[in-house]
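[1] below is the sequence, then the predicted model.
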Amino acid sequence: MTELASTNALRATMGEYYRALADAALRKTAPVAWCTSVGPAELLRALGFAVHYPENHAAMIGAARTANRYLPLAHAQGYSQDICSYLTSDIGAYLAGESPLKAYGLERAPAPDVLVFNTNQCRDVRDWFEWYGRELHVPVVGVHSPRAIDDVTEGDIDSVTRQLESLVAPLEQVAGTRLDDARLMAAMRASRDSARLWGACLETASARPAPLTFFDGSVHMGPAVVLRGSDDAAAYYRTLLAELEQRVENRVAAVPGETLRLYWDGMPVWGRLRALSTMFAEFHTSVVASTYCNSWAFSDLDPAEPWRSVARASLELFISRSEAPKERYIARMVEFYDVDGVIFHDCRTCPNNSNTRYGMPGRLTERVGIPTLVLDGDVNDLRCFSDEQARTNIEGFVEQLTDARGAAAPRGAR
Amino acid sequence: MSYYAGVDSGSWTTKAAVIDGEGHVLGTAVTRSGADLTAAAERVYEMVLANSGRTRADIEAVWSTGFGRNTIPFADGSRTELDCHGRGVAHYIKGPLVVVDIGGQDAKVIRLDAAGHRLSHRMNRKCAAGTGSFLDEIALRLGIDIGDLNALGRGATENLELSSFCTVFAGTELLTLIRSGKRPADLAMAAYRSLVKRIVAMDVLEGRIAPTGGVVAYHPIMVELIGAACRGEVVVPPHPQEIGAFGAALAALAACETQDIADTSDTAELVQP
């Protein structure tokens, strides 16, 4: 694997974000809001909140492979092992009094002044925030979005727009300030610019060889998630995009000797990100793109029409849609990235981000002739992931695709 | 004459096969895998050489497959069991076909086209239900040797159901049925039917279906039940338990043939400046 030089800049950008968050929580430099990953972050930024994303926090727990220490603590509270393991590992970490943000002086996730959700991705985010709301006696507000949408209608947008507008008064009260239109427009512009640049970064992977993989993307998407509404995200993505464009020009491959190209649908397996990345590289297979990383590339935000454009963007997201538009989307991605196959991660505790459970892999193979593989696993709960079974599944898929090309099959690892 | 070998390092048993250059089997062997997969592979390799009347020096290449395929130091190459089971079955049975492999700790459904090329595969979830381990658990609960389960099931007269998805819960359910006076023969048959239900739920089984694996080799009742549960013709290949090892030996043969072609072709144009 070829490491990206921009990783140092990424580390600095994310470090700055976490330091500011810790300052807000510990030194009260700003009110703290918790927000779901595709919640109304621009509004919160415009009101001067430091914004914490529990999903980002949970992903850090997963990547640090500490989730399985925390999960039983949440299960013991009556939160099932079949529900979102982001939720259960994050609450478990809180109960254990631990946080991956300890390096920034935070013993636990930063204490919130308000919790803001959008159910466009799932119901679990609301249940997650409501646990903290009860525990910490903090208000919980949010947007109840329609889900499994075929085509986003004006009626859907109207509903979410009105809900977003109704958040302003309670959030102003917590922030102790009035919403300034100019600040909101600035946050919208920053989000739009960041999203467009992030989208452009991801699209460089359509080149052969691909300059970045899904595994790189899962790490480098950090600013697109946690720095929405801040100019810092766009600044970072300008750096990353320049490096990726240079790689394309020089034909530098993220996976040296790229032979096969795959698309990944579903959540990452955070605790196995590095192991899977290494395994695919060993097979000269580049997982060039994913639905997951693209979920933060919503570039149609319009500062002139803030509420409606945020509402539209949050509803048009892949995860908010029904099977038919999801299937069409993946078919377009298969063509755009010119991949040899699609891996669907059936994430045990995340049904909303597992597109395997209503027959999509089979339909996609039939419709566009693309081979598919379903990989059982989980985003954070490593008890649901078998290393050996995953290896056999993936290696077998690589053998199948290689044989179908008539090329010499890869030898197994020696 | 050149000879080729395959070793299938499975979770419960390690299998081996030796073939000649025409793909004819000279001998096979099976041993328990135990905790030391490398030692089991060494042992089964010695066994299969003895069974086929060959020495290590006679073997052109050995390829490995199975769960422990990367733990066999004397292997010249490896392929997954998905490849080797398909390859082994396709040598004997004309496609298109569906290979249903039921191993000790996993079950696989492998689709092959008319030429024997793999179209897709599915593996069971990370769970023992639907695998040979399930039958081991049931035999343990019934207090009989696993080798006697098939004969016991033959005596079934009542159509009992085990409803649990989970192997452990199925064991508990079995105890409840024993206490309620149900006959062990009917319970054994219920366990087989439960296993088949898990298998047929993995994929649409129709057309020509080839069951393989140790479960099929030692529990022929499973073949009949799979046949009854599917819309298709069920054909069991020779040596179904060692079919993966046989497929690995075929992979070794194919690799050597490819190598021979490469060695004899003019490669001057491939030399880079």
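    It's in.

[2] around residue B:109, how many other residues sit close by?
    When neighbours are defined as other C-beta atoms under 10 Å in any protein chain shown, residue B:109 has 22 of them. No exception for glycine: its C-beta is placed from N, CA and C like everyone else's.

[3] ignore what I typed, I meant residue A:277.
    Neighbour tally, residue A:277, other C-beta under 10 Å: 21.

[4] residues making contact with the strand or helix carrying it?
    Under the criterion of DSSP states H and E, residue A:277 resides in helix A:273-282. For helix A:273-282, the surrounding residues in contact (C-beta atoms under 8 Å, 6 or more residues apart in numbering or on different chains) are A:1, A:63, A:213, A:215, A:218-219, A:255-256, A:262, A:269, A:286-287, A:387, A:390-391, A:394, A:413.

[5] give the buried residues for it.
    Neighbour counts over helix A:273-282 (16 or more other C-beta atoms under 10 Å in any protein chain shown) mark A:273, A:276, A:277, A:279, A:280, A:281 as buried.

[6] do the same with stretch A:224-242
    Those would be A:224-230, A:232-237, A:239-241, for stretch A:224-242 by 16+ other C-beta under 10 Å.

[7] cool, stretch B:140-151 as well?
    For stretch B:140-151, by 16+ other C-beta under 10 Å, it's B:141, B:142, B:146, B:149, B:150.

[8] of the contacts of helix A:273-282, buried ones?
    For the contacts of helix A:273-282, a burial check counting by 16+ other C-beta under 10 Å picks out A:1, A:63, A:213, A:215, A:218-219, A:255, A:262, A:269, A:286-287, A:390-391, A:394.

[9] same for chain B: which of these are within range?
    Filtering those for proximity to chain B (criterion: C-beta under 8 Å from any C-beta of the partner chain) leaves nothing.

[10] any low-confidence regions in chain A?
    Within chain A, the set of residues satisfying pLDDT under 70 comprises A:297, A:407-414.

[11] change it to 80
    Along chain A, the model assigns pLDDT under 80 to residues A:1-2, A:296-300, A:406-414.

[12] residue A:287 should be in a strand, yeah?
    Yes: under DSSP: H, G, I helix; E, B strand; the rest coil, residue A:287 falls within a strand.

[13] which one of the buried residues of helix A:273-282 sits closest to residue A:137?
    Nearest to residue A:137, judged by C-beta to C-beta, of these is residue A:273 at 35.9 Å.

[14] and the chain, what are its domains?
    You didn't pick a chain, so chain A it is. Chain A is divided into the following domains under automatic domain parsing: A:7-180, A:184-405.

[15] let's do chain B instead
    Taken from automatic domain parsing, chain B resolves into B:1-93+B:239-273, B:95-236.

[16] so which of these comes closest to chain A?
    Nearest to chain A among the domains of chain B is domain B:1-93+B:239-273; the distance by C-beta to the nearest C-beta comes to 3.4 Å.

[17] can you list the residues of the stretch 51-200 of chain B near chain A?
    Proximity of the stretch 51-200 of chain B to chain A, by C-beta under 8 Å from any C-beta, involves residues B:64, B:67, B:69-70, B:77-83, B:106, B:117-123, B:125-126.

[18] which stretches in the stretch 51-200 of chain B count as strands?
    Assigned by DSSP state E, counting those that start in this stretch, the strands in the stretch 51-200 of chain B fall at B:59-65, B:77-78, B:97-102, B:107-112, B:118-123.

[19] before we move on, what about the stretch 301-414 of chain A?
    Using DSSP E, counting those that start in this stretch, strands in the stretch 301-414 of chain A cover A:341-347, A:372-377.

[20] between the longest one and helix A:273-282, what angle do the directions make?
    In terms of direction (axes from the mean of the first three to the mean of the last three C-alpha atoms, to 10 degrees), strand A:341-347 departs from helix A:273-282 by 160 degrees.

[21] now residue A:376: how far from residue B:163?
    Distance of residue A:376 to residue B:163, computed by C-beta to C-beta, to the nearest Å: 23 Å.

[22] these two - which one has more neighbours?
    Between residue A:376 and residue B:163, counting by other C-beta under 10 Å, residue A:376 is the more crowded of the two (21 against 10).

[23] in stretch B:169-188, what counts as buried?
    Within stretch B:169-188, the residues scored as buried using 16+ other C-beta under 10 Å are B:170, B:171, B:173, B:174, B:177, B:183, B:184, B:185, B:186, B:187, B:188.

[24] for the first one, which non-adjacent residue is closest in space?
    The spatially closest residue to residue B:170, leaving aside those adjacent along the chain, is residue B:164, at 4.3 Å (C-beta to C-beta, 6 or more residues apart in numbering or on different chains).

[25] quick one, what contacts residue A:358?
    Going by C-beta under 8 Å, 6+ apart, residue A:358 touches residue A:323.

[26] hang on, isn't residue A:73 packed against residue A:92?
    Yes: with contact defined as C-beta atoms under 8 Å, residue A:73 reaches residue A:92; the gap is 4.0 Å.

[27] neighbour count winner among those two?
    residue A:92 (26 against 17).

[28] buried residues, the longest helix anywhere in chain B. List them.
    Ranked by number of residues, the top helix in chain B under DSSP state H is helix B:243-264. Neighbour-count burial for helix B:243-264 flags B:243-256 (criterion: 16+ other C-beta under 10 Å).

[29] between it and strand B:97-102, how big is the angle?
    120 degrees.

[30] what's the angle from helix B:243-264 to strand B:59-65?
    Counting by the same axes, to 10 degrees, helix B:243-264 lies at 130 degrees to strand B:59-65.

[31] who are the packing partners of helix B:243-264?
    Helix B:243-264 is packed against strand B:3-9, strand B:13-20, strand B:25-32, strand B:59-65, strand B:77-78, helix B:81-92, with contacts defined by 3 or more C-beta pairs under 8 Å, 6 or more residues apart in numbering or on different chains; DSSP states H and E.

[32] who wins for proximity to residue B:158 among those?
    strand B:13-20 (32.6 Å).
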